[in-house]
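**Student:** Return a 3D structure for these sequence lines:
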Amino acid sequence: MLDRYAIKLIKAPVNGIGLLLDKTPFTANQITVTGFGIGLLTLPALICQQYWLALCFIILNRIFDGLDGALARRRGITDCGGFLDIALDFLFYSLVPFGFILADPTQNAVAGAFLIFAFVGTGSSFLAFAIMAGKRNIDNPVYQHKSLFYLGGLTEGTETIACFVLFCLLPEHFALIAWIFGTLCWVTTATRIWAGYQTLKTPVG
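**Tutor:** Predicted coordinates:
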């Protein structure tokens, strides 16, 4: 819901750093993988209940996620880069609640499992529609510079990262926040399935 506004806010600084990165030998895919590697460090930090350290890794992961796209837009967006980016993003999103589950299984296990279950709904509906939109050459005027169709919803990337920040700032309330956000994710999943079906049910041509 908020991604379109967040993108406008960070567009100028991210593109400026992308211009600097374009003068280096680094590739967008290398930045993607490096960001994911940093994101993986969130898991041991959470297990050890070092929540501020985990928050730092989460923020760094998201910064790298923005920078790989900025560089890719300068050098040319590729299908393999888009695939790598979205696959690693979804893995990272599930890693965070899993880390909180391992940090305190007694308090967090059920709520964390519910949130991961909800992420499967948002992720599968998102990717399934992107595949069909690609087959039909459906344009997305909101996210024109993405490698695949971005189907919006109530809980998008911006809301998810805000949720992760809350988890780290208020770890004692992880379960409550996870139940609330997971429920909102299911609202997103339901609206995506309905909207996607309505869009695709008309035969091509």
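**Student:** And the top helix by length along the chain, what does it pack against?
**Tutor:** Counting by DSSP state H, the longest helix found in the chain is helix 105-136. Helices and strands touching helix 105-136, by 3 or more C-beta pairs under 8 Å, 6 or more residues apart in numbering; DSSP states H and E, are helix 79-103, helix 174-200. Where you see a C-beta, it was placed from the backbone N, CA and C, and this is true even at glycine.
**Student:** okay, the ones you listed in JSON lines with mean pLDDT next?
**Tutor:** Listed next are those as JSON lines, based on pLDDT from 0 to 100:
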{"stretch": "helix 79-103", "mean pLDDT": "94"}
{"stretch": "helix 174-200", "mean pLDDT": "92"}
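**Student:** any low-confidence regions in this structure?
**Tutor:** Along the chain, segments meeting pLDDT under 70 span 1-8, 10, 139-152, 204-205.
**Student:** how does it look with 90?
**Tutor:** Applying pLDDT under 90 to the chain flags residues 1-26, 66-79, 81-82, 126-158, 192, 194-205.
**Student:** picking that back up, what's the most buried one of the helices and strands packed on helix 105-136?
**Tutor:** Among the helices and strands packed on helix 105-136, helix 79-103 has the highest mean neighbour count (mean count of other C-beta atoms under 10 Å), at a mean of 19.
**Student:** now it: how far from the chain's centre is it?
**Tutor:** Here helix 79-103 is found 7 Å from its chain centre; the criterion is C-alpha atoms, centre = their mean, to the nearest Å.
**Student:** relative to helix 105-136, how tilted is it?
**Tutor:** Here the directions of helix 79-103 and helix 105-136 differ by 170 degrees (axes from the mean of the first three to the mean of the last three C-alpha atoms, to 10 degrees).
**Student:** Can I get the following helix or strand past the longest helix of the chain as CSV, trimmed to CA atoms?
**Tutor:** Using DSSP states H and E, the helix or strand that follows helix 105-136 towards the C-terminus is helix 157-169. The C-alpha coordinates for helix 157-169 follow below in CSV (Å, rounded to 0.1, in the frame of the first residue of the first chain):
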residue,chain,number,x,y,z
GLY,A,157,7.5,-4.3,1.2
THR,A,158,7.3,-1.0,3.1
GLU,A,159,4.8,-2.3,5.6
THR,A,160,6.7,-5.6,6.0
ILE,A,161,10.0,-3.8,6.9
ALA,A,162,8.1,-1.5,9.3
CYS,A,163,6.7,-4.6,11.0
PHE,A,164,10.3,-6.1,11.3
VAL,A,165,11.5,-2.8,12.9
LEU,A,166,8.7,-3.1,15.4
PHE,A,167,9.6,-6.7,16.1
CYS,A,168,13.2,-5.6,17.0
LEU,A,169,12.1,-2.6,19.0
